[in-house]
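>>> this one's sequence-less:
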DNA sequence: TATGAATGAGGATTCATTCAT
DNA sequence: GATGAATGAATCCTCATTCAT
C-alpha cells in the first residue's frame, strides 16, 4: 500500500571471521549511519566513517570497498528495523479499509522515525544508478502486490473498475511516499493524525471503496 | 493540479553589454542544458559547458559564477518553455473535471517533453539546499492555489467535505509529479493516454466529484 | 637628512598625442592611485584601474604595459607633490640643527600626508626587484648627500669624528623613515610634535652637535 | 635594543601521531625554508614545498593548511635558532654600554646568518595582515623592554632626560633593524665590524651615555 | 587486523593580455 | 582611440585509495 526505500546488497569483502572483526564491522556500520544522517550521502567523506567510529581511516577498507557498499548495509539494517518491531503482525483483516489504513499508518510512522535516513535514501536514489535500479525493482514488487489487491477488489465489485490497477497502485503509493518526504523531511507542519486520515480517505475515495 | 519544478534567480556577473556577449551567454546556457541533460548536475564539470559551446574554459566565468547559477538560468528557460507555447490559453474553466484533466495533461506533456531536465531538477533539489528551498516555496504556492479550488468545490457541495484541502492538494499533485518522474524518467512503460486517464480518474474519485 | 621613496620611470608606450589621449592617460593615473591606496599593489587588479576610471578594461593597454609601469607614474607624481609645494624653499640656513630639523619635519609631514601610498611603496619595494633597485639607488644618492654634510661637520669639529659618515647618514635616515612607517602606516599613536622633536634630538645627540 | 621578526602560531592540522609523520613534517618545514629563501614568500608555490622534499603534492595538506601556516612554522624555528645558540648567556649587565653593544652585535650576527629568511619575513610583513599584526605586537613588547632600560638610565642621570623613552627605544631599534636589512639583504657593502661599532656609537651618543 | 601516512588524479578559478569591432 | 569579450596558463586543494608497519 505504500512505497519506496530499500536496497539489496551483495558480496563486498569477505565477512569477518573473528569476533573482533565482527564488532569492528558493526561499529563501522553504526558510525556510517550517523555520518550519513548528519552529512547526507554526497557530502559524507569515507574517512569520516572510521573516524566517527574512533578508528584509523584505513580500517574502512578492511570491510568495505566503497561508500555505496556500506550505505547498502546501513539501509539493510534500517529496513529490518522498519519491518520487524511493529509490523506485519496482525493485519489479519480482510476489510480492505483496515488493511489500507494499517499499511499507511505503519509506513508513515516508520518514515517519521527514520526521516533523516529516508532523506538520504531519497538523495542517493537520485544520484546513484545502482540505487535507482534497486529502488525501482523493489518498488515494482510492492506495486505488483498492491495491484493484485486492487484487481481483486475490482473483481469483487468493491473498487472502481475503470482504474488501471498497476498504475493506480503505483500512483497511490507514490502519493503517500512523497507526502512522507514532504512532511517529515522538508518539515512542512502537518499534524500526524490529520495526515494519516487524509491519506486513508484519499485511498478509499480513489478506489471508490463503498463506505 | 500539479507540482514541482522551478527556481528563481538573481544577479550573477554583469549582464553582457554587447550583442556578441548576449549571444555568447545564450550559447553557454544552451550548452549547459545539453551537458546537464547528458551528465546530470553532479557529474557535469563546469569546464564542459564552455567546451561544449566551443569556447575557452575561462569564458564561463565571464557570465556565471557557479554551476548553480547557470543551472538556475537553464531552469528559468525551461519553465518558460513549459508555460508558454501550449498552456493557459483556453481553460474552459467552470467544469472542474475539465479543469483538472487539462492541467494534468498539460503537466504530463511538458514533463515528458523535458524529461531529462526534470530528472536533473529532481536530483538538484535533493542535493542543493538553495534549490530545495526554492522548489518548496514554489510548490507551496501551487499547493495553495489548488487547495483554494478544492475548498471552493467543497463549499459548493461538489467535493468530499471531509478532506483537508491543503493536504489533499499537495497529495494529489505529488502523485502526478511522482508518476511523471517514474514513467518518463525511470522509463516505466505506460501508455501516455492510459496514464493521463488514470491520473484524471484518481483525482475525480479522490475528490468525489460526482460523475 | 631622510630617506626612502621614489622611482624613476622610462619609456612605456608612446606618449599620447591627442588631447583626449592625454586626458585618458591622466585619468588612468589618478584612478590607479586610488586603487593602489585602497588595495595595495599586490591585490590591485589591472582591470580595476580602467574600471575605476570608468573605462573599458582594454583601454589600459593603450597607455601602459603593466601594473609596474603605471605605478611608476603614480610614484612620480607623488614625488613631485612631496617636493614642490612646501619644500626646499628656505633652507637657507647654515645652522646644522635647523637644517636637520627642517628636513625631518618636512619629511614626516609629507609621509603623513601620503601615508597610504607610502605603505604601498614600502610593499612594492619588498616585492618587485625593479623597485627595490630604484629605491636603493635613490637612497644611496640621498645618503651620499647627507654623508657629505656629516663629513663637513666632523671636519669643522662640530660632529663626533669617530662616526662613519656614510653609515651614520644611512642609519639616521633609516631611523626616521622607519618611524614614519610605524607611526603613520601602522598607526602607532604618537603625537606628531613629540615625534619630530624626538627625531631631531636623536640626530643632534647621535652626531654630538654641541648644544 | 633591537627589533623586528617573529610570529606566533597555533593549531593547523592534527599533529602527526607516528615517528614517520614527525619526520615528514620536519622535512616539509626544512624544504619550505629552502623554497622561501629561494623564491620569497609570494613567488613560492605550495606544491614546490613537498616537491622539494621529494613528496607528492598532497602530502603538504596532511600537515598544513596554507603557505602562511608553514611559514609560521619556519619562522618559529628560525627564532629559536636566533636565540638559543649564542645568546642571552653572559650579558654582564650593569654597564649599559656593554649591554647595548652585546645586544647589537648579537642581533646583527643573527640577522646576517639568516639574511635570506629575514628578507622574506620583511616581505611577508608587508603583504600579509596576520604577520603585520604579529610583528607589531612582538615589536611593541621589545620596545617596552628597551624603553624601560632607557627610563632607568634617565632616572639615574646616565641618559639624556629630554628623550621620550618609548619613541627613542623604537627609533633606535628601527635604525638597527633597517640597517641590518640594508646591509645584509640588499647587500650594501659595509664591513661588519664597522657596522657594529657605528651602531653602538650611535646608541651611546643618542642616549648621551657618558663616555 | 589496525594504523595512519602518502599518493596523485581531477576540477575550479583567476586575471593579464589580446583582438575584432 | 575605446570597447569589452575571449583566451588559457597556472595553481590551488580535496579525498578516495594504497601500503608499509
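All right, it came through fine. Bear in mind the structure is a predicted one, so any value in this text is a computation, not a measurement.
>>> Do any residues in stretch A:101-114 lie close to chain B?
No - in terms of Cβ under 8 Å from any Cβ of the partner chain, no part of stretch A:101-114 sits within range of chain B; the closest distance is 11.5 Å. The way it works is simple: take the backbone N, C-alpha and C, and place the C-beta from them, glycine included.
>>> need the contact list for residue A:28.
A:49-50, A:53, A:55, A:59-60, A:63-64, A:70 (Cβ atoms under 8 Å, 6 or more residues apart in numbering or on different chains).
>>> how about 10 Å then?
Listed by Cβ atoms under 10 Å, 6 or more residues apart in numbering or on different chains, the contact set of residue A:28 reads A:49-50, A:52-53, A:55, A:59-60, A:62-64, A:70, A:73-74.
>>> Looking at these, spot the one nearest DNA strand F.
Of all these, DNA strand F sits closest to residue A:60, with 6.8 Å by Cβ to the nearest atom of the strand.
>>> State the pLDDT value of the closest one.
Predicted confidence (pLDDT) for residue A:60: 97.
>>> ok now the strand or helix carrying it, how far from the chain's centre?
Per DSSP states H and E, residue A:60 falls inside helix A:60-63. Mean C-alpha position of helix A:60-63 versus that of the full chain (Cα atoms, centre = their mean, to the nearest Å) differs by 26 Å.
>>> cool, and stretch A:62-76?
That offset, for stretch A:62-76, works out to 17 Å (Cα atoms, centre = their mean).
>>> swap in stretch A:113-126?
Offset of stretch A:113-126 from its chain centre (Cα atoms, centre = their mean): 8 Å.
>>> Name only those of the contacts of residue A:28 that count as buried.
Buried residues within the contacts of residue A:28, defined by neighbour count using 16 or more other Cβ atoms under 10 Å in any protein chain shown: A:49-50, A:52-53, A:55, A:59-60, A:63-64, A:70, A:73-74.
>>> Give me the contact status of the longest helix anywhere in chain A with DNA strand F.
In chain A, taking DSSP state H as the definition, the longest helix is helix A:129-155. No - shown here: helix A:129-155 not in contact with DNA strand F (Cβ under 7 Å from any atom of the strand), separated by at least 14.0 Å.
>>> The helix or strand just after that helix packs against which elements?
Proceeding N to C from helix A:129-155, the next assigned helix or strand is helix A:165-180, under DSSP H and E. On a contact count with 3 or more Cβ pairs under 10 Å, 6 or more residues apart in numbering or on different chains; DSSP states H and E, helix A:165-180 meets helix A:96-113, helix A:115-125, helix A:129-155, helix A:192-207, helix B:165-180, helix B:192-207.
>>> Next, the contact list for residue A:175, please.
By Cβ under 10 Å, 6+ apart, the neighbours of residue A:175 are A:2-3, A:199, A:202-203, A:206, B:170-179, B:202, B:206.
>>> about what we covered before: would the helix holding residue A:60 count as contacting DNA strand E?
Yes - judged by Cβ under 7 Å from any atom of the strand, helix A:60-63 comes into contact with DNA strand E at A:62-63.
>>> For that helix, which helices and strands make contact with it?
Applying 3+ Cβ pairs under 10 Å, 6+ apart, one finds that helix A:60-63 contacts helix A:19-43, helix A:48-52, helix A:67-83.
>>> touching DNA strand E at all, the longest one?
Yes - in this structure, helix A:19-43 sits against DNA strand E according to Cβ under 7 Å from any atom of the strand; the contacting residues are A:20-21, A:24.
>>> For the helix holding residue A:60, which outside residues touch it?
Against helix A:60-63 from outside (Cβ under 10 Å, 6+ apart): A:12-16, A:21, A:24-29, A:31-32, A:46-51, A:53, A:55, A:66-67, A:69-70, A:73.
>>> Buried deepest among the helices and strands packed on helix A:60-63, which one?
Mean neighbour count, computed with mean count of other Cβ atoms under 10 Å in any protein chain shown, is highest for helix A:48-52 among these, reaching a mean of 21.
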